[in-house]
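*Asks:* quick one, fold the following:
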Amino acid sequence: LSDDEWTQLITPGTQLNERWKSQVDVIAWFLKQLKYAGVPVLWRPYHEMNGGWFWWGKNSCTPEEYKALWIFTVEYLRDTKGVHNFLYSYSPSNSGVNNSTDYLNRYPGDDYVDMLGTDDYGNIYNANQEFNFLKNLKIAINLANERGKIAALTETGYEKIPDADWFSSRIVGPIMNDEITRQLAYFLVWRNGRPDHYYAPYPGHSAAPDLIKIHEDPFMQFEDGLIDMYGSPEISISKQLEDLELTADSEELIQIDLDEYFSGADSYQIAYQSDNSLIDLTLNNNLLTIASTSNFGDGLYRISAHST
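*Replies:* Residues are numbered from 1 along each chain as shown. Have a look, this model is predicted:
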């Protein structure tokens with residue numbers, strides 16, 4: 001982007017800003033579907049901003065322009081679109097980060113960030129790079145501790161993993177052997193894109209036994225061992241309404257005031273279960289309307305409301 005385009009991008013009401021908002025609208029729509037499904041999201045917008053390989057990188061915008069873009073995105077999603085199932089991760093590349101000043105060069109502020117990460121591909125290939133690998137992690141961890149944030153190794157990997165013990169010798173081992181770096185919440189490797197471009201081992205790969213060994217370590221947590229976070233009462237409150245006997249030829253209109261069942265909820269998500277077909281559900285001002293139509297058959301319908 002040119003300097004003029006950057007100015008337009010972060011200036012409300014300009015053509016480029018409106019176009020950008022329309023793209024963010026698509027993200028907001030998708031994220032709201034995940035919210036209703038009870039899925040929280042870790043998001044690294046505009047990551048590796050201290051490198052020169054993205055349009056938001058150091059060769060394309062000033063630190064102040066970058067911060068303005070980040071803040072605009074957060075405020076638009078959070079305040080205008082009502083998206084709150086995000087944890088925002090600020091994740092510079094390891095390149096050129098020698099201290100906390102370098103790390104925070106494009107940091108938009110504590111009010112707009114939940115996680116502090118680092119993306120490191122340059123220091124993970126052999127033992128001679130271990131000092132710099134751990135140093136970069138410690139910068140992120142120490143800053144996260146000072147600010148009450150979560151710290152993570154937000155992206156790393158060794159393409160095709162040529163070393164069978166790479167996970168334990170270059171990533172997990174060094175991290176676990178240091179009292180500061182073992183505070184990391186997680187590490188993430190890049191994608192498995194195609195047979196000649198992958199970063200996690202497949203069954204039969206020489207590095208698979210090493211990753212299985214890490215999986216069995218009691219200090220490590222994988223997805224198959226997570227608690228039922230999405231069903232926690234702190235995240236979602238649900239209550240089953242009374243079972244409703246409906247018949248195909250019924251003309252009655254059933255209305256239920258959900259505030260009789262919930263208190264202090266801002267909005268509701270409605271779902272129903274039945275062995276039969278569809279019924280019409282309309283929700284307006286917390287009033288649930290169930291309309292009898294020819295689209296449903298006889299049966300017992302179970303209506304559930306989830307406050308959000």
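*Asks:* my read is Leu42 is in a helix, agree?
*Replies:* No: the secondary structure assignment for Leu42 gives strand rather than a helix, going by DSSP: H, G, I helix; E, B strand; the rest coil.
*Asks:* what helix or strand is the nearest residue to it once chain neighbours are set aside on?
*Replies:* Closest residue in space to Leu42, ignoring its immediate chain neighbours: Leu87 at 5.1 Å, by C-beta to C-beta, 6 or more residues apart in numbering. Using the backbone N, CA and C atoms, a C-beta is placed for each residue, glycine as well. In this assignment (DSSP states H and E), Leu87 forms part of strand 86-90.
*Asks:* again with Val26
*Replies:* With DSSP H and E as the criterion, the answer for Val26 is helix 15-36.
*Asks:* next: Lys138.
*Replies:* helix 130-147.
*Asks:* contacts for that helix, please.
*Replies:* Counting by C-beta atoms under 8 Å, 6 or more residues apart in numbering, the neighbours of helix 130-147 from elsewhere in the structure are 94, 97, 99-100, 103-104, 110, 115-118, 120, 122-124, 149-153, 170, 174-175, 178, 180-181, 183-184.
*Asks:* pull out the buried residues from the residues you listed.
*Replies:* 94, 97, 103-104, 115-118, 120, 123-124, 149-153, 170, 174-175, 178, 181, 183-184 (16 or more other C-beta atoms under 10 Å).
*Asks:* go through stretch 137-153 and flag the buried ones.
*Replies:* Taking 16+ other C-beta under 10 Å as the basis for neighbour counts, the residues of stretch 137-153 that come out buried are 137-144, 149-153.
*Asks:* confirm Thr154 sits in a helix?
*Replies:* No: using three-state DSSP, the assignment for Thr154 is strand, not a helix.
*Asks:* who's in contact with it?
*Replies:* 44, 47, 89, 91, 115, 117-119, 188.
*Asks:* bridge partners for the closest residue to it other than its chain neighbours, pull those for me.
*Replies:* Using C-beta to C-beta, 6+ apart and skipping the chain neighbours, the partner closest in space to Thr154 is Gly117 (3.1 Å). Assessed by DSSP bridges, Gly117 has beta-bridge partners Ala152.
*Asks:* Gly117 and Leu42, how far apart?
*Replies:* Distance, Gly117 to Leu42, by C-beta to C-beta, to the nearest Å: 9 Å.
*Asks:* quickly list what's touching both of these two.
*Replies:* Counting by C-beta under 8 Å, 6+ apart, the contacts common to Gly117 and Leu42 are Ser89.
*Asks:* how far away from the center of its chain is stretch 130-144?
*Replies:* Centroid displacement of stretch 130-144 relative to its chain, using C-alpha atoms, centre = their mean, to the nearest Å, is 23 Å.
*Asks:* ok, back up a step: show the average pLDDT along the helix holding Lys138.
*Replies:* The predicted model gives helix 130-147 an average pLDDT of 95.
*Asks:* C-alpha coordinates for it, PDB please?
*Replies:* Coordinates of each C-alpha in helix 130-147 appear next as PDB, following Å, rounded to 0.1, in the frame of the first residue of the first chain:
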ATOM      1  CA  GLU A 130      19.100 -22.700  21.400                       C
ATOM      2  CA  PHE A 131      20.300 -19.600  23.300                       C
ATOM      3  CA  ASN A 132      18.600 -17.200  20.800                       C
ATOM      4  CA  PHE A 133      15.500 -19.400  20.700                       C
ATOM      5  CA  LEU A 134      15.000 -19.300  24.500                       C
ATOM      6  CA  LYS A 135      16.000 -15.600  24.600                       C
ATOM      7  CA  ASN A 136      13.200 -14.600  22.300                       C
ATOM      8  CA  LEU A 137      10.700 -16.700  24.200                       C
ATOM      9  CA  LYS A 138      11.800 -15.100  27.500                       C
ATOM     10  CA  ILE A 139      11.200 -11.600  26.100                       C
ATOM     11  CA  ALA A 140       7.600 -12.500  25.300                       C
ATOM     12  CA  ILE A 141       7.000 -14.400  28.600                       C
ATOM     13  CA  ASN A 142       8.500 -11.600  30.800                       C
ATOM     14  CA  LEU A 143       6.400  -8.900  29.000                       C
ATOM     15  CA  ALA A 144       3.300 -11.100  29.300                       C
ATOM     16  CA  ASN A 145       3.900 -11.600  33.000                       C
ATOM     17  CA  GLU A 146       4.300  -7.800  33.500                       C
ATOM     18  CA  ARG A 147       1.000  -7.100  31.600                       C
END
